[in-house]
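> need a 3D model of the following:
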Amino acid sequence: MPALSTPLRHDLDRAGYYPELVAEVLELALADETVVAHLVHPETTFDGAEVRRHVTVLALTPTRLVVTHVDDHPADSEHPSPSAQATTEAVPLGELRSVAFTHVVPNPQEHHAGDGAAELTLAVGWGAVSRVDLEPATCGDPQCDADHGLSGSITPDDVVVRVSAAAEGRDAVLAAMAFGRTLSAATTRR
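You can find the predicted model right below:
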């Protein structure tokens with residue numbers, strides 16, 4: 001298998017989250033295609049007293065978006081040693097339905113062009129996974145206590161990456177913006 005590009009390999013090493021494992025599963029999914037742009041996003045979450053780590057890698061090739069996600073799992077009664085689960089998905093660019101950005105900007109009245117966001121959420125949808133948000137339906141009459149069923153919305157949720165300047169630094173937000181811009185442009189050429 002060809003080696004990953006130096007910048008991508010550097011970002012995997014810098015993330016420090018099983019870089020050899022992530023590189024191996026990513027190279028397999030890339031299938032010898034060249035990476036045009038990438039985003040490596042390590043994240044730590046807290047579930048009570050348990051610390052969980054994971055990494056998401058988005059790799060754009062001339063024809064596909066390759067998504068790699070790796071989670072670690074602590075030892076438990078069924079699995080006596082810790083393990084990691086690595087999942088990859090390769091999506092043809094022609095299948096991408098949306099590239100959405102949510103920018104969080106503090107003190108918008110003081111914002112100037114080029115300041116960037118304090119937080120950026122990049123959501124990419126291709127129709128494989130959707131999130132359903134339901135709430136009780138109402139008729140608008142505050143006195144009504146009838147059951148009007150549920151109303152809701154379906155939102156594409158194939159891959160979502162949230163990057164915060166406070167947590168990961170301004171450079172990480174800028175990298176996510178640059179990757180998202182390149183990905184968005186690539187979807188116009190399909």
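> now Arg14: which helix or strand?
helix 6-15 (DSSP states H and E).
> need the contact partners of the helix ranked longest in the chain.
If you go by DSSP state H, the chain has its longest helix at helix 170-187. Residues from elsewhere that reach helix 170-187, judged by CB atoms under 8 Å, 6 or more residues apart in numbering: 36-39, 41, 58, 60, 65, 93, 96, 99, 101, 116-120, 122, 124, 161, 163-165. C-beta here means a position set from N, CA and C on the backbone, and glycine is covered the same way.
> any idea how many residues pack against Leu60?
Neighbour count of Leu60, defined by other CB atoms under 10 Å: 22.
> what are the ranges of the helices in the chain?
Under DSSP H, the chain gives helices at 6-15, 19-30, 165-168, 170-187.
> now tabulate these in CSV and tack on mean pLDDT, mean neighbour count and distance to His54.
As requested, the helices of the chain are exported to CSV (pLDDT from 0 to 100; neighbours: other CB atoms under 10 Å; distance: least, CB to CB, whole Å):
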stretch, mean pLDDT, mean neighbour count, distance to His54
helix 6-15, 95, 15, 11
helix 19-30, 96, 18, 11
helix 165-168, 92, 14, 14
helix 170-187, 95, 17, 16
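> kindly reformat those as CSV containing distance to Asn107.
Shown next, in CSV, are those (distance: least, CB to CB, whole Å):
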stretch, distance to Asn107
helix 6-15, 31
helix 19-30, 37
helix 165-168, 14
helix 170-187, 16
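> out of those helices, which comes closest to Pro106?
Pro106 sits nearest to helix 165-168 of all the helices of the chain, at 9.8 Å, using CB to CB.
> can you count the residues close to the residue lying closest to Ser81 once chain neighbours are set aside?
Distances taken as CB to CB, 6 or more residues apart in numbering put Ala75 closest to Ser81, at 5.4 Å, once the chain neighbours are dropped. By other CB under 10 Å, 10 other residues sit near Ala75.
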